[in-house]
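Trainee: pasting the sequence and the predicted model now:
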Amino acid sequence: MNRKAFLLGFYSIGGQVLLLRELTASFNGDEIFIGTALFGWLLAVAFGAWLGGRIKSIKASIVLFAAGVIILPLMIIIARLVPLTVTDAVGEIVPFTTAAIMSVLVTLPVGFISGALFPSICSEGYRPSATIGQVYFFEGLGAFLGGVIVMALVGPVFSGLSMAFGIGLVVIAFSCFSFKGRIIYIQSAAVLLILIAIRYLVPYLDTEIDKYRYGSFRLLKTFDTHYGRQTLLSGNDETILLTDNTVEAVWPDYETAENLLIPPLLYKPEAENILVIGRTEMGIMQLAESLPDLKITAVDPRYLLTETLDEFYPPDNNIIRIHDDPIAYSADRNIYSRYDIIIINQGEPDNYKNARYITNRFMGTIKRLLQKGGLLYLVTEYDTDRYISDEKQKLLSIYNSILGYVFRQIYIWPGTATAFFASDDSLFSTGFDTLMARVEALPYAPRFVNANYLFDRLNTFKIERVQAAAGHEEMVNNLEKPVLVHYQAVYRSMTRGADELLIKTLINRPYWALILPGGIIIFILLIIFRRAKRRKYGLFLYLVAGIVSLSMELISFYLFQSMAGSLYSQMGILIGAFMLGLALGTWYSMRLGGEHLEYPSLLLLLTAAVVFLATYDRLSTSILPVYHGLFLFTIAIATGSLFVAATIRYYFGRPQANRGLGYAFEIVGSSIGALFSVTLFLPLIGLTWLIISLILLIAVALIGAYITE
């Protein structure tokens, strides 16, 4: 039983991480809809746990494990191919509503099996409260190991599909065969050899799948990194770099390359040292070869992508590449380099990972890297040549407000890709003739940034119109309230009827948010005013454990990514700290026993949440990994203990009760946290009120526990 519970955790967290990675890679790297995918996954787990609790066959777990081993890689392949049912255009964005529905459907089979396994394994023990706690403990240990292994190995060692086959091998080997005596050495060696074969053979299957997926192009290379899936395609005399099915760069594309590098040089012609937040291999590097006096530093964490691009585009000596997260790099106090120009090229702000650069916090840290009188430059996707809609105006206002918060001078170039310039010096009063003279003085002769181009970009009427639109209202996007992703979602939905209806309703009419607290209050009242309230209140404690733990985990990940950088080696440590704390909290509480464990568990949750609220933005970047690791470890210990307390309340003296019901309630709570906390509530009510809401929920749970004694 313990071995199977361990394998359940290993399979469940491994399958969850792999599917969410693959769905993000398939649907253009948009992490916002992951909330819906995780919501669907967790509901499937809850339904599987409830239904599995009604099945009394002790041997059913072997059948479920076997089915899960087959279904996991199959669902990863389906997740990779499912966008073809909507579009076969390379890099085309799948509508949010369609992507959300598809992501939920893809996660259902694996989620259901993970949920059904829990009561199936629990049925092998007699005493419900002890058995359920024991299974939960070993599941936590398995999840700890599975989470750390997947985060560490997917990318550098295994592809996502290879890891799915590897997880299946481990689960089958350890669940179906008994590792005893000397035969354990033979079995272990066989497993290791098969894992090595998977490591080298499955990438051929990855290649064939992507060849089919991008059939009209020649596939040059496809591989996983810690940060997503990378694909290099060739066609029509062009090379295309796809990151999570989104076109990141195309070469040759002189128009885009010149728009990134030439305009800031016209206002800062003496510049020698330039920092680029993003990649430079396809475009900027080729132009830099004709500008030998420039020294360009590019910051991007994907070292595996660098190694691949070097095969096709030999590195230029003038380009210095730093493999670090831009947030971490800009916050490093040991950096003494100062740059004349900083160029931000990070794509659409349709997720928190990209939107974190358009905050006063990041702009303040990046400004520290500029020379006195230096220039910051960024290009957006917004077309302001003609009509500027209300949705577009809000987005422009956010950019303008954030830059204006940090820099004294802001200048905007209208056009099909609106560009923002920011500096503390008066650089932008330069006349058209002077700018043209600077273009002609460049060692490189631009193909697109020429007289006609500048004449159109510097049209007085267009400039006044776009500056009036951007300065129309003061819009804020910051760590506390990251509204940019919501406004970007509204803007992107304008061409899709279903998306527009759903997203505008959710964002512009937030009254629906009252449904959640109202439902919780009704649920508590139904328990309090019915018989056996002490026992049934255990179900509410399960629900609270799920909501609070997953919400706090997602909040911690969001803050760490925004403040310390999205470094996956550290993110793996955070996930490991949470899973380990969950297991230890369960183990210690089972040893402690007693009928009132809910009080210290809830008090620990409450204390951790209050301390976190008071301190999360008062610490230096260097200690954030330790801080968030300890916070998640503490939250997880309290959650594991609360799970044991809820189990004692609900199952005491009821050996025939559905052993998957309590687990199902906890997972339902987790699904609520996944969908509502960071995805919807964070930009609507802000981080402070989100944490306060969770604190109030914990307080209500404490009061309810006393009332129902």
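Mentor: Great, that's in hand. Just so we're clear, the structure is a prediction, and the values are computed from it rather than from any experiment.

Trainee: can we go C-alpha only for contacts and neighbour counts from here?
Mentor: Noted.

Trainee: excluding residues flanking it in the chain, which one is nearest G585?
Mentor: Nearest residue to G585, sequence neighbours excluded (CA to CA, 6 or more residues apart in numbering): I637, at 3.9 Å.

Trainee: part of a helix, is that neighbour?
Mentor: Yes - residue state for I637 (DSSP: H, G, I helix; E, B strand; the rest coil) corresponds to a helix.

Trainee: that one touches M579, doesn't it?
Mentor: No - with contact defined as CA atoms under 8 Å, I637 does not count as touching M579 (9.1 Å).

Trainee: who touches the longest strand seen in the chain?
Mentor: Counting residues, the longest strand in the chain under DSSP state E turns out to be strand 370-379. For strand 370-379, the surrounding residues in contact (CA atoms under 8 Å, 6 or more residues apart in numbering) are 260, 264, 268, 338-345, 417-425.

Trainee: those, buried ones only, as a PyMOL selection?
Mentor: Burial among the contacts of strand 370-379 is assessed by 16 or more other CA atoms under 10 Å; the matching PyMOL selection reads:
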select buried, resi 260+264+268+338+339+340+341+342+343+344+345+417+418+419+420+421+422+423+424
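
Trainee: among the contacts of strand 370-379, which are in helices?
Mentor: Among these, the members falling in helices (DSSP state H) are 260, 264.

Trainee: run through the strands of this protein in chain order.
Mentor: Listed from the start of the chain, the chain has strands (DSSP E) covering 218-225, 228-235, 238-243, 246-251, 273-277, 295-299, 319-322, 339-344, 370-379, 409-413, 419-423.

Trainee: could these go into CSV alongside distance to P109 and mean pLDDT?
Mentor: As requested, those are exported to CSV (distance: least, CA to CA, whole Å; pLDDT from 0 to 100):
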stretch, distance to P109, mean pLDDT
strand 218-225, 24, 90
strand 228-235, 23, 89
strand 238-243, 27, 90
strand 246-251, 27, 88
strand 273-277, 40, 94
strand 295-299, 39, 93
strand 319-322, 41, 90
strand 339-344, 41, 94
strand 370-379, 42, 92
strand 409-413, 50, 93
strand 419-423, 46, 94
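
Trainee: TSV for these, including distance to T36?
Mentor: Conversion of the strands of the chain to TSV gives the following (distance: least, CA to CA, whole Å):
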stretch	distance to T36
strand 218-225	23
strand 228-235	19
strand 238-243	21
strand 246-251	20
strand 273-277	30
strand 295-299	31
strand 319-322	34
strand 339-344	30
strand 370-379	30
strand 409-413	36
strand 419-423	33
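
Trainee: related to what we said a few turns ago, for the longest strand of the chain, C-alpha coordinates in CSV please.
Mentor: Below are the C-alpha coordinates for strand 370-379, written out as CSV (Å, rounded to 0.1, in the frame of the first residue of the first chain):
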residue,chain,number,x,y,z
LEU,A,370,21.7,52.9,-17.7
GLN,A,371,24.4,55.4,-18.0
LYS,A,372,23.5,59.0,-17.1
GLY,A,373,21.3,60.3,-19.9
GLY,A,374,20.8,56.7,-21.2
LEU,A,375,17.8,55.6,-23.3
LEU,A,376,15.3,52.9,-22.8
TYR,A,377,13.5,51.6,-25.9
LEU,A,378,10.7,49.1,-26.4
VAL,A,379,8.5,48.2,-29.3
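
Trainee: so what strands line up beside it?
Mentor: Sheet neighbours of strand 370-379, with direction, are listed as strand 339-344 (parallel), strand 419-423 (antiparallel) (DSSP bridges).

Trainee: now the last one, how far from the centre of its chain.
Mentor: Think strand 419-423. Centre-to-centre, strand 419-423 and its host chain are 28 Å apart (CA atoms, centre = their mean, to the nearest Å).

Trainee: next: stretch 610-628.
Mentor: Computed by CA atoms, centre = their mean, the separation of stretch 610-628 from the middle of its chain amounts to 20 Å.

Trainee: show me which positions of that stretch end up buried.
Mentor: Of the residues in stretch 610-628, those scored as buried under the neighbour-count criterion (16+ other CA under 10 Å) are 612-613, 616, 621, 624-625, 627-628.

Trainee: again, but for stretch 69-79
Mentor: Residues of stretch 69-79 classed as buried: 69, 71-77, 79 (neighbour count, 16+ other CA under 10 Å).

Trainee: and stretch 684-703, by the same measure?
Mentor: Neighbour-count burial for stretch 684-703, with 16+ other CA under 10 Å as criterion, is recorded at 684-687, 690-691, 693-695, 697-699, 701-702.

Trainee: which outside residues touch that stretch?
Mentor: Outside stretch 684-703, the residues that touch it by CA under 8 Å, 6+ apart are 479-483, 507, 510, 540-541, 544, 548, 598-599, 602-603, 605-606, 609-610, 613, 677, 681-682.

Trainee: at 6 Å instead, please
Mentor: In this structure, residues lying in contact with stretch 684-703 by CA atoms under 6 Å, 6 or more residues apart in numbering are 480-481.

Trainee: what's the distance between the residue lying closest to M436 once chain neighbours are set aside and T384?
Mentor: On the basis of CA to CA, 6+ apart, the spatially nearest residue to M436 that is not a chain neighbour turns out to be A451, at 6.6 Å. Note on A451: its distance to T384, by CA to CA, to the nearest Å, is 20 Å.
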